[in-house]
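In: with the input below, show me the fold.
(one chain, ligands or ions: 2)
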Amino acid sequence: MRTTWTFHSAGQLVFGPGAVTQLGELVRPWQLERALLVTDRALVAAGLVEQVEAPLREVGIEVVRFDDGAPEPALALAETCIRAAREARADLVVGLGGGSNLDLAKITATVLAHGGTVRDYVGDGRVPGPIVPLVCLPTTAGTGSEVTAASVLTDTDAQVKVGILSNFLRPKLALVDPRLTLSCPPKVTADSGIDALTHAIEAFTAVDNATFPLPPEERTVYQGRHPLADCLAEKAISLVGANLTKAVRDGRDLAAREAMSLGATLAGLAFSNVGVALVHAMEYPVGGAVHCSHGAGNGLLLPFVMRFNMTARRPEMARIATLLGENTTGLGERVAAEAAIVAVERLKREIGIPERLRDLGVEREQLSGFAEKAFAIKRILRVNPREVTLEDVLAIYESAW
Ligand SMILES: NC(=O)c1ccc[n+]([C@@H]2O[C@H](COP(=O)([O-])OP(=O)(O)OC[C@H]3O[C@@H](n4cnc5c(N)ncnc54)[C@H](O)[C@@H]3O)[C@@H](O)[C@H]2O)c1
Ligand SMILES: [Zn+2]
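Out: Ligands and ions are numbered 1, 2, ... in the order given. Have a look, this model is predicted:
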């Protein structure tokens, strides 16, 4: 039985519309000279890259641009980015983008500091010490990667997503400027937004910290559910519930964008301490095989996993229903808890997340292979509030197919 919990975040978090203009002043005291800016061409075209380069140059930092970032980045792309950082002799790494670019920036700052190759760090707790100073600026409201301890990459050989997890990966500065998300296209807004909701719901319904089943010889950044993370997750669920559809329908709605940026960052703070659970474990093989976005895969699976976890977390599910705006007054706990699933299903429809795995191009014959891969991701499965067997995982895939 555990009796203590901890909380980790980015070194500094600066939040608000226009925050990007402060970037130069925020990093000036670090006395660095050459930044590698990890980004992609869509963000160059959207005019966001210039907004980040200008304040850095103003304080005398030379900026080398790596704009080959791509969604769900492969291990090989990370190696390319690391080469670019070495050639640039970067002493600062800046990630600008959705989770994909931020994760690329995180692994780049890691390998730049400690040498070797990306594969040396795959897993939990394999980063030996602090990484090269890292700033992350999210342009989606989704992953929370700007504050989290993870870099998620795609192992294209094994067709599965892999994670590098270490508290050393948390950026020195997370600069969250909701204006950077205004140009985010509707599908990316929808997919990344429901990823944020998944983070918050998985953290809020996770196994308790006190009974977190970590074998004594193992170390992990995850520690199960605790009261500080609960506050953050609850707020994130209500922010996403009230604003995601608005942000998808009208991308220029700054109030909705700001609420989504806050929700996503809070969800990131919650899950990166508590852990994500069965939805994420089940999404990794799906995403690895059919190359759907991480958010679309998670959003699709979320209500099916909530149903499976219902018996272990009924009061929390009832609370989620209220947080998502359902009127649960006078309803018994069981009915109120069911309303959470109804609310998530409605949100999915409103924002266009596919209903079934077959809609993503998954073949039924693939499900047993997926189940084996998901069942092997023990670092995530142990966060789930209900113990899971291989047969359970397959049955949930079947129900979602
Ligand atoms: N590190 C973590 O803690 C963590 C957590 C969850 C997910 N992830 C990972 O993050 C990735 C998904 O990230 P994501 O959902 O943010 O999407 P993304 O980074 O994959 O971006 C998707 C697309 O949207 C474009 N885009 C993003 N912002 C834009 C903007 N403001 N204007 C115009 N175009 C924009 C990008 O150029 C890209 O083509 C996955 O690889 C996932 O596994 C990481
Ligand atoms: Zn996620």
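In: any idea how many residues pack against Arg219?
Out: Other residues near Arg219 come to 10 when the count uses other C-beta atoms under 10 Å. To be clear about C-beta, it is placed using only N, CA and C from the backbone, and glycine gets the same treatment.
In: low-confidence ranges in the stretch 51-200 of the chain?
Out: Counting by pLDDT under 70, the stretch 51-200 of the chain shows no low-confidence range.
In: apply 90 and report the result again.
Out: 158-161 (pLDDT under 90).
In: which helix or which strand is home to the residue nearest to Asp253 when sequence neighbours are not counted?
Out: Spatial nearest neighbour of Asp253, excluding adjacent residues (C-beta to C-beta, 6 or more residues apart in numbering): Lys246 at 5.5 Å. Using DSSP states H and E, Lys246 falls within helix 227-249.
In: which residue is nearest the centroid of the chain?
Out: Thr143 (2.8 Å; C-alpha atoms, centre = their mean).
In: which ones are touching that one?
Out: 98-99, 102-103, 192, 195-196, 199, 264, 268, 294 (C-beta atoms under 8 Å, 6 or more residues apart in numbering).
In: let's see it at 7 Å
Out: Going by C-beta atoms under 7 Å, 6 or more residues apart in numbering, Thr143 touches 98-99, 192, 195, 268.
In: quick one: which of those residues is nearest to Ser9?
Out: Gly268 (9.1 Å; C-beta to C-beta).
In: what's around the closest one, how many residues?
Out: 31.
In: check which helix or strand covers it.
Out: Going by DSSP H and E, Gly268 is part of helix 254-274.
In: what angle separates that helix from helix 227-249?
Out: Relative orientation of helix 254-274 versus helix 227-249 (axes from the mean of the first three to the mean of the last three C-alpha atoms, to 10 degrees): 140 degrees.
In: list the helices and strands helix 254-274 packs on?
Out: helix 186-204, helix 227-249 (3 or more C-beta pairs under 7 Å, 6 or more residues apart in numbering; DSSP states H and E).
In: which parts of that helix are buried?
Out: 256-274 (16 or more other C-beta atoms under 10 Å).
In: cool, stretch 368-381 as well?
Out: 370-371, 373-375, 377, 379-381.
In: just the closest of the residues you listed to Val93, please.
Out: Arg379 (25.4 Å).
In: next, the contact list for that closest one, please.
Out: 124, 220, 222.
In: wouldn't the last one be in contact with Ala277 here?
Out: No - in terms of C-beta atoms under 7 Å, Tyr222 does not count as a neighbour of Ala277; the distance is 9.4 Å.
In: can you list residues touching both of those two?
Out: Joint contacts of Tyr222 and Ala277 (C-beta under 7 Å, 6+ apart) are Val383.
In: returning to what we had before: now the helix or strand following the helix holding Gly268: how far from the chain's centre is it?
Out: Moving toward the C-terminus from helix 254-274, the next helix or strand (DSSP H and E) is helix 278-290. In terms of C-alpha atoms, centre = their mean, to the nearest Å, the centre of helix 278-290 is found 13 Å from the chain centre.
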